[in-house]
Structures are given as structure tokens and as C-alpha cells.
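[1] okay, sequence plus prediction incoming.
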Amino acid sequence: MRFPLSMTAGMATYVFKNKIRPRPEWQKDVVPQFDPSNPFRVLPNRLPEGVAKQRHPMIKKRFPIVLMLEPLHACNLTCTGCGRIREYESTITQRIPLEECLAAVDECGAPMVSICGGEPTMYPQIGELVAGILDRNKNIYLCTNGMFMVKRLHEFKPDRRFFFNVHLDGLEKTHDIAVEREGVFQEAIEGIKAAKKAGFMVCTNTTVYKETDMKEIEALFEYLLQFEVDGHQLSPAYGYSAVNDREIFMTRDDIHEKFKDVDLMFKRFHLNQTPMYLEFLKGNRDLPCTAWGNPTYNIKGWKGPCYLITDAHYKTFEDLMTQTPWDNYGHGNDPRCEHCMVHCGYEPSAALGINAKLADSFKMLSWALS
Ligand code: SF4
Ligand code: SF4
């Protein structure tokens, strides 16, 4: 099975319960306020009068599915496409205290926590943080560049709900260029080997840029088979305004072209993305942005509206949910969203069954059980 049965069943039950009875206060729409200090003016919703009422009902059932928790933004690398280390340069030495991280997990209530950053294995109490989240019966992805895995492995205990998610953007030469340092690929592979040997679940996470050769990604997955890696995530790069190199980012058409043969990969390897999200990447399905499904918490608070764009940091999760003008974001509503197809904005839409087709339930079931 792709994921442990308890994890799949728990997630499905959580989504079902919230679809039936979402918290009413999170469903209200906020009237956007123009902010003259914001150079990226939020455009008024372009949908004609009345169209909002006809939208898919699930768009109005907001609740969190995956919490993106960034306990720190410090990192030992300076990858070319990284928005985080640039956007949060002024607070890069700060860390969220352990108790505050766990309080954010409780406050949000999402059944899945993706611990990211920065490099989370540089967080001094990372072992305690993971243990504390598992104690709360949540599932965890620990996103890492893999360089400190061997050194810090003893701080974790294997658990079917806990995955290391190792960032690999290609085979050795390509990856080391992307992360701007030689030897990183090999260290990450050593980390994967050590973690698998110790009984941990390990996935990989690959960002696809304009220059990415999808044949090389296939070769990477082929190479990783020998280590019995438990799954792979693929995500098209988002063009952060904090990253100057516009050449590496893709338009929606570029993304469709890049992912057109992803089905072949899907058949051969364990891709962790839902079949619906992959259809969206190929251009065969339309999905709206449901950024509230993957809220982000970091040193400045609850980041709104999403993991990528920062228009505000809110003090409480309640404030993020109730004060963000959600309808003003997504493709067609805000120019910054025009080419965004990243999983943290659109995978929740697939999980919620927005724009679902007749065969989707069967596809989801066979994907989860494969
Ligand atoms: S490893 Fe991750 S956090 Fe560190 S620079 Fe690279 S992309 Fe950014
Ligand atoms: S479309 Fe992308 S950038 Fe825009 S709000 Fe959604 S996730 Fe964020």
C-alpha cells in the first residue's frame, strides 16, 4: 500500500467529517482592503456578479489538511530557486520555541504536518518536535536536504506515520548545481540509506524547473529503487518574487508540456501525488486554488494567503482563516497566481473532490491501495 492503512483511513475520515460539517466561521468571505504599500495590487475578483454563488460548493468549505510548519529559516545551503532564505533573511537566525510549534499544531488541527524551513534538521529540538507531533496522532513529512540525517537519526524513532522527505532535484551533477554545492547529493543518499536501514519511511521531493529534464527525473527514481524509497513527490517550481532568476520558472503551458508523460512515471514509480493533481499538471483538469488547505506557520506567525505569497502574517490561525480574502487569490484573480500550479495550492482541491469526475473515487482508491 502507498501509505499505512491507519494514515489513509484517518485522513479520509477527517476530510469527510469536515466536508459534512466545516466550521461555520471559516466559511465567511472577507471584503479585500486595498493596501497602497503592496506593490502587487490585489486585483478585484474578475468573476462576473453572481458567479461566486455558482462555484463548486467545496470551495466554500474551508478547513486545513496539511500544516506547513517552519520552525526556523536557517539553512546550510543556498539553493538557486529557494524563496525562503531570501524572503526571511532578516529573521534567519530566529527559531520558534518548541512549545510554540506544538501549540501551532494544536491550534490548526490539520491531520498532517509538513515540517519544512529552512533546514529543519538544524532545529535543536527536532527529535522532540517530531515526537510531540506523533503524540498528537498526526502524520509527518520532515522535509530535508538530507545532509544532517546521518548525524541526527538517533533522535528519531521509526513510525509508520513519520516520513523523511529528502529534497533531490536530479542526479548527482544536476542536484549539486541546483543546491550550489558539490557533494550534497552523495550526503543525501547516505542519509536515505541510513534512514532506510534503521527502519524509517523515506520519500523524495523534486522541484521541476524549466531546465529540468524529465528523463533524468525518471533515471533518478530508477536509481533510488535500490534503496527501497517509499515514494516521490514532484512539484513545478513557483516563481518567487524574492528569487531574481526568472529564467528557471515556468508558465502554465511550460508545466503542461513538462508533465505530459507523467503517466508513464506514475505507472513505474510510487508518486505520492493524487492522480487528479497530476491530471491538473498535464492540463487535463481544471482545479481552483484552495490555499487554506495548506496553511503555513513560521517565526512571523500565520502566513497569508499561502506558502508562496506573503501579504500578511496573522497572530492566530483563526485570524488567517477569517481575515484572508481567499476569493481574491488563485489563477485569474491575482497576477502573482497566474502560473502557479504548486501542490500546496492545488493538491487540497483534488483531495476535496473539486471538479471531480465520475471515475475519481475509483482512481483515488486504486492510488491509495497500490
Ligand atoms: S535546502 Fe531547502 S531551505 Fe535550504 S536553501 Fe535549499 S531549498 Fe532553501
Ligand atoms: S495560486 Fe499559488 S500563489 Fe496563488 S494563492 Fe494559490 S497557492 Fe498561493
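    Sure, I can see it. Ligands and ions are numbered 1, 2, ... in the order given.
[2] need the residues of the chain near ligand 2, please.
    Contact residues (Cβ under 6 Å from any ligand atom) of the chain with ligand 2: 289, 291, 305-306, 308-309, 329-330, 336-337, 340, 342, 344-345. All C-beta spots, glycine's among them, are computed from the backbone N, C-alpha and C.
[3] filter those down to the buried ones and hand me the PyMOL line.
    Selection of buried members from the residues of the chain next to ligand 2 for PyMOL, criterion 16 or more other Cβ atoms under 10 Å:
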select buried, resi 289+291+305+306+308+309+329+330+336+337+340+342+344+345
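[4] in strands, which of the residues of the chain next to ligand 2 appear?
    Judged by DSSP state E, the residues of the chain next to ligand 2 include residue 305 as members of strands.
[5] just how off-centre is stretch 181-201 within its chain?
    Remark: stretch 181-201 is offset 21 Å from the chain centroid, using Cα atoms, centre = their mean, to the nearest Å.
[6] buried sites along it?
    For stretch 181-201, by 16+ other Cβ under 10 Å, it's 181, 184-185, 187-189, 191-192, 194-196, 200-201.
[7] now the strands for the chain?
    With strands called from DSSP E, the chain shows them at 66-69, 112-115, 139-144, 162-167, 201-208, 231-236, 296-298, 301-305, 310-314.
[8] same list (the buried residues of stretch 181-201) but as TSV, adding pLDDT and distance to residue 94.
    What follows is the buried residues of stretch 181-201, written out as TSV (pLDDT from 0 to 100; distance: Cβ to Cβ, whole Å):
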residue	pLDDT	distance to residue 94
181	95	24
184	97	25
185	98	30
187	98	26
188	98	26
189	98	31
191	98	26
192	98	30
194	98	30
195	98	28
196	98	33
200	98	29
201	97	30
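[9] so which elements touch the helix ranked longest in the chain?
    Longest helix of the chain, by residue count under DSSP state H: helix 5-20. Here helix 5-20 touches strand 139-144, helix 343-352, going by 3 or more Cβ pairs under 8 Å, 6 or more residues apart in numbering; DSSP states H and E.
[10] now mean pLDDT too, for these, in TSV please.
    Output for those, formatted as TSV (pLDDT from 0 to 100):
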stretch	mean pLDDT
strand 139-144	97
helix 343-352	86
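[11] farthest-separated two in the residues of the chain next to ligand 2?
    Taking Cβ to Cβ, the two most distant members of the residues of the chain next to ligand 2 are 336 and 344; they sit 14.4 Å apart.
[12] ok, for the closest residue to ligand 2 within the stretch 151-300 of the chain, nearest residue in space, not its chain neighbours?
    Nearest to ligand 2, among the residues of the stretch 151-300 of the chain, is residue 289, at 3.4 Å (Cβ to the nearest ligand atom). In space, residue 289 comes closest to residue 330 once its chain neighbours are excluded; the distance is 3.3 Å by Cβ to Cβ, 6 or more residues apart in numbering.
[13] wait, that neighbour sits on residue 342?
    No - at 11.8 Å, residue 330 and residue 342 do not qualify as touching, with contact defined as Cβ atoms under 8 Å.
[14] what number of residues lie near the nearest residue to residue 249 once chain neighbours are set aside?
    Leaving aside its sequence neighbours, residue 249 sits nearest to residue 239 (Cβ to Cβ, 6+ apart; 3.6 Å). If you count neighbours by other Cβ atoms under 10 Å, residue 239 ends up with 19.
[15] where are the low-confidence patches of the stretch 101-250 of the chain?
    Within the stretch 101-250 of the chain, the ranges that satisfy pLDDT under 70 run 240-248.
[16] next to ligand 1, which bits of it? Give me the list.
    Within the stretch 101-250 of the chain, the residues that sit near ligand 1 (Cβ under 6 Å from any ligand atom) are 117, 118, 119, 145, 167, 179.
[17] closest residue of the stretch 251-370 of the chain to ligand 2?
    Nearest residue of the stretch 251-370 of the chain to ligand 2: residue 345, at 2.4 Å (Cβ to the nearest ligand atom).
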